[in-house]
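> below are the sequence and a predicted model for it; my questions follow.
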Amino acid sequence: MSVFIGDFVVKIDQKGRFLFPSAMLNQLPNGNAQHFVVKKDIYEKCLTVFTMQEWEKQCEKIRKRLNPFNREHNIFLREFYKDTAETTLDSNNRMLIPKRLAQQVLLNNDILLLGLDNKIEIWCNEIYIKSKINVEDYKMLAEKILGNIFVENIVDN
């Protein structure tokens, strides 16, 4: 399993390619550094990138919970799998983002790659900066989800 951490602002070229940061390359599991799935995020105006191994785990979780013969489940599956593409790293460690996906989240020259545990989010850097919450709101959210003792240990250090 990959755990991605860090945030990196990189340039995307006219063809929709960007250089995958070496720090993130080092976080890839051995033998799984070439194939990825990129999709439009469900909640945010960003793209989500999974290693192929992690994508297969996500799909298996969904398969276990859904019945494709149930109409609502089928609608969910259709929405989940649309706006999805397979991509690879080329010999120069560049990743190509399909134009149709880049347009949906308004990617421009400067994009932000954000390691988020088992996935990487790709944001238009300007949109990401505007979407960030302030420190006090983050502390309140962390306390609500994790509890006060945990928050004091991670936020104030």
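Good, I have the coordinates. Residues are numbered from 1 along each chain as shown.
> other residues contacting the longest helix anywhere in the chain?
The longest helix of the chain (DSSP state H) is helix 52-65. Helix 52-65 has contacts (Cβ atoms under 8 Å, 6 or more residues apart in numbering) with 1-2, 29, 32, 35-37, 50, 77, 80, 86, 118-119. C-beta coordinates here come from the backbone N, C-alpha and C atoms, glycine included.
> check pLDDT for those and point me to the minimum.
Least confident entry in the contacts of helix 52-65, by pLDDT: residue 32, with 51.
> tabulate the contacts of helix 52-65 (CSV), appending distance to residue 94 and secondary structure.
Converted to CSV, the contacts of helix 52-65 look like this (distance: Cβ to Cβ, whole Å; DSSP: H, G, I helix; E, B strand; the rest coil):
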residue, distance to residue 94, secondary structure
1, 25, coil
2, 19, coil
29, 20, coil
32, 18, coil
35, 14, strand
36, 12, strand
37, 17, strand
50, 18, strand
77, 31, helix
80, 27, helix
86, 15, strand
118, 22, coil
119, 19, strand
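> buried members of those into PyMOL, please.
The PyMOL command for the buried members of the contacts of helix 52-65 (criterion: 16 or more other Cβ atoms under 10 Å) is given here:
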select buried, resi 2+36+37+50+77+118+119
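> out of the contacts of helix 52-65, the closest to residue 132 would be?
For the contacts of helix 52-65, the closest approach to residue 132 (Cβ to Cβ) belongs to residue 119, at 18.4 Å.
> buried stuff in the helix or strand hosting residue 130?
Assigned by DSSP states H and E, residue 130 belongs to helix 125-131. Neighbour-count burial for helix 125-131 flags 125, 127-128 (criterion: 16+ other Cβ under 10 Å).
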